[in-house]
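*Asks:* sequence unknown, structure follows:
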């Protein structure tokens with residue numbers, strides 16, 4: 001009986017992760033680009049959406065979810081990481097629905113991949129920005145399925161796949177290491193037994209892994225004077241902010257961690273949003289920790305859809321689908337697809353390999 005319950009709980013956490021990522025994207029997108037969002041406005045927004053009698057059009061997903069779906073489907077269909085297959089899915093998805101909010105730089109990569117017939121799937125991203133590559137959060141925003149796919153494997157395999165998946169579009173170490181950190185955060189949440197979360201230990205574990213990840217290798221390009229341990233430093237900043245509890249203002253979060261499209265100024269913010277929401281937050285009117293995570297992430301302003309999506313995937317992996325309000329779920333486009341992909345990934349959890 002205990003084994004059956006554990007099986008069902010983990011399956012629910014897979015669903016929570018994929019649905020959480022979708023919900024953060026769909027519900028956060030209407031607020032993208034705002035400097036900061038009033039918590040009273042957000043309370044009204046979420047309260048309205050939680051009304052079971054409300055009938056409104058779906059909240060559409062953006063490029064965040066479009067690419068996350070591609071990552072998941074590639075892993076499901078190939079039962080392994082296949083860079084060419086994944087790149088082809090990205091390109092096909094973009095040209096089928098180009099108006100999902102893609103950035104100009106990533107669409108240049110897609111055009112180059114298609115023109116080259118995918119001869120070198122990592123080449124176009126590597127030469128962007130005079131060979132420095134992009135340090136945006138596009139790799140991190142779509143990485144959640146990798147954490148699910150690798151839940152029963154060595155941690156190093158997770159790191160390798162997360163990095164390589166990001167390298168298809170983001171050749172800068174800040175870009176692909178941001179994807180690694182986000183993947184590790186989802187994995188850590190997934191592996192932490194419910195109701196046992198030690199938030200300090202959670203961050204310290206990420207610091208330990210990222211110190212290894214960020215140690216420069218021979219082929220890493222690190223500019224003179226550049227701090228090699230950017231993510232370690234930001235995780236340490238999260239520990240400092242945690243010492244001040246609920247007194248930390250949105251302005252300070254923006255100043256210390258960022259709310260922007262660069263990976264190093266959004267991934268740590270998503271992690272902090274998850275941690276901050278484990279306790280009540282002033283002026284956020286919900287007792288539901290998952291919903292509180294999204295509301296806090298969106299309240300920060302800036303790149304709200306991506307930060308809320310990343311925070312939602314972490315929170316969903318920890319709390320599971322049962323803790324995510326159904327009345328919020330139903331407003332998100334392609335909800336059933338997210339659930340199905342989560343189930344498919346769960347069925348593969350003991351069979352994955354990388355090629």
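*Replies:* Thanks, I have it. These numbers were taken from a predicted model, which means no experiment stands behind them.
*Asks:* which parts of stretch 332-342 are buried?
*Replies:* 332-335, 337-339, 341-342 (16 or more other CB atoms under 10 Å). Any C-beta I mention is one placed from the backbone N, CA and C, and that applies to glycine too.
*Asks:* can you check stretch 252-268 too?
*Replies:* 253-254, 256-268.
*Asks:* tell me the centre residue of this structure?
*Replies:* The centroid of the chain falls nearest to residue 310 when counting by CA atoms, centre = their mean (2.9 Å).
*Asks:* from residue 95, how far off is it?
*Replies:* To residue 95, residue 310 is 26 Å away according to CB to CB, to the nearest Å.
*Asks:* quick one, helices of the stretch 1-150 of the chain?
*Replies:* 2-28, 39-49, 63-78, 83-96, 104-115, 123-126, 128-131, 144-149 (DSSP state H, counting those that start in this stretch).
*Asks:* what's the angle from the fourth one to helix 104-115?
*Replies:* Same thing as helix 83-96. Here helix 83-96 runs at an angle of 110 degrees relative to helix 104-115 (axes from the mean of the first three to the mean of the last three CA atoms, to 10 degrees).
*Asks:* helices and strands around whatever helix or strand residue 314 lives in, which ones?
*Replies:* Take DSSP states H and E as the rule and residue 314 turns out to sit in helix 304-319. Judged by 3 or more CB pairs under 8 Å, 6 or more residues apart in numbering; DSSP states H and E, helix 304-319 is in contact with helix 2-28, helix 63-78, helix 144-149, helix 173-191, helix 267-276, helix 289-299.
*Asks:* average pLDDT for the longest one?
*Replies:* With pLDDT averaged residue by residue, helix 2-28 scores 92.
*Asks:* just to revisit the earlier point, could the buried residues of stretch 332-342 go into a markdown table alongside distance to residue 86 and pLDDT?
*Replies:* Below are the buried residues of stretch 332-342 laid out as a markdown table (distance: CB to CB, whole Å; pLDDT from 0 to 100):
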| residue | distance to residue 86 | pLDDT |
| --- | --- | --- |
| 332 | 24 | 98 |
| 333 | 22 | 99 |
| 334 | 19 | 98 |
| 335 | 23 | 99 |
| 337 | 17 | 99 |
| 338 | 18 | 99 |
| 339 | 22 | 99 |
| 341 | 14 | 99 |
| 342 | 18 | 99 |
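*Asks:* and which of these is nearest residue 187?
*Replies:* Minimum distance to residue 187 across those is 14.9 Å, recorded for residue 342 (CB to CB).
*Asks:* which residues of the stretch 151-300 of the chain score low on pLDDT?
*Replies:* Scanning the stretch 151-300 of the chain for pLDDT under 70 picks out 217-225.
*Asks:* try it again at 80.
*Replies:* 216-226 (pLDDT under 80).
*Asks:* quick one on the thing from earlier: the helix holding residue 314: what's the following helix or strand?
*Replies:* Helix 304-319 is succeeded, C-terminally, by helix 326-329 (DSSP H and E).
*Asks:* could you say what helices and strands that following helix packs with?
*Replies:* Secondary-structure packing of helix 326-329 (3+ CB pairs under 8 Å, 6+ apart): helix 2-28, helix 39-49.
*Asks:* the inter-axis angle of the first one versus helix 289-299?
*Replies:* Interaxial angle, helix 2-28 versus helix 289-299 (the same axes, to 10 degrees): 30 degrees.
*Asks:* list the buried ones in helix 2-28?
*Replies:* Those would be 10-28, for helix 2-28 by 16+ other CB under 10 Å.
*Asks:* how far away is the residue nearest to residue 214 when sequence neighbours are not counted from residue 84?
*Replies:* Closest residue in space to residue 214, ignoring its immediate chain neighbours: residue 229 at 4.9 Å, by CB to CB, 6 or more residues apart in numbering. Per CB to CB, residue 229 is found 33 Å from residue 84.
*Asks:* likewise residue 324?
*Replies:* Taken as CB to CB, the span from residue 324 to residue 84 is 34 Å.
*Asks:* which one's more surrounded, those two?
*Replies:* More crowded of residue 324 and residue 84, by other CB atoms under 10 Å: residue 324, with 22 against 15.
*Asks:* what about the helix holding residue 314, average pLDDT?
*Replies:* Mean predicted lDDT for helix 304-319 stands at 99.
*Asks:* low pLDDT regions in the stretch 1-150 of the chain?
*Replies:* 1-5.
*Asks:* in three-state terms, label residue 237 for me.
*Replies:* Under DSSP: H, G, I helix; E, B strand; the rest coil, residue 237 falls in the helix class.
*Asks:* how about it: what's its closest non-neighbour residue?
*Replies:* residue 256 is the one closest to residue 237 (CB to CB, 6+ apart), at 5.4 Å.
*Asks:* what's the one you found sitting at in phi/psi?
*Replies:* Backbone torsions for residue 256, taken as degrees, to the nearest 10, come to phi -90, psi -40.
*Asks:* roughly how far does it sit from residue 180?
*Replies:* In terms of CB to CB, residue 256 sits 21 Å off from residue 180.
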